[in-house]
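Novice: Okay, here's the prediction I keep looking at, along with the sequence it came from:
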Amino acid sequence: MKGSILAEALRKAELRKMLPSRIDKHALSDAAEALVVYAWLNNLLTLKESVQILEDSIDLQNGFAMLLVRAKELVRLSRLFEVPH
């Protein structure tokens, strides 16, 4: 998948502001991947739920934005570490 799709999904999910200002699309897409993987590895997000979110979306970019919002919320609720609203 192109990194630009994940980078734009990160922006749509309003998570870009949580990252340093001078990073490229590749680093943004890495951050998006890391958030979803973190939620999955900590058993906060299932593969089934992830696929369902992507299937229910109008397009891939919006689907990943919704997935990132869900992953952020699950990590925040888990209180594994402090996550700004």
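Specialist: Yep, that arrived.
Novice: Quick check: the gap between residue 75 and residue 60.
Specialist: Using CB to CB, to the nearest Å, residue 75 is found at 22 Å from residue 60. Where C-beta positions appear, they are placed from N, C-alpha and C, glycine not excepted.
Novice: Just want to know which of those two has more residues nearby.
Specialist: Neighbour count, other CB atoms under 10 Å: between residue 75 and residue 60, residue 75 has more, with 18 against 14.
Novice: Pretty sure the more buried one sits against residue 83.
Specialist: Yes: with contact defined as CB atoms under 8 Å, residue 75 counts as touching residue 83 (5.6 Å).
Novice: Which stretches in the protein count as helices?
Specialist: 3-12, 25-41, 47-55, 60-78 (DSSP state H).
Novice: Can you report how many residues lie near residue 84?
Specialist: Residues lying near residue 84 (other CB under 10 Å) number 8.
Novice: Could I get the contacting residues of it?
Specialist: residue 18 (CB atoms under 8 Å, 6 or more residues apart in numbering).
Novice: Show the pLDDT at it.
Specialist: Note on residue 84: pLDDT of 72.
Novice: What separation do you get for it and residue 2?
Specialist: Distance from residue 84 to residue 2, by CB to CB: 28 Å.
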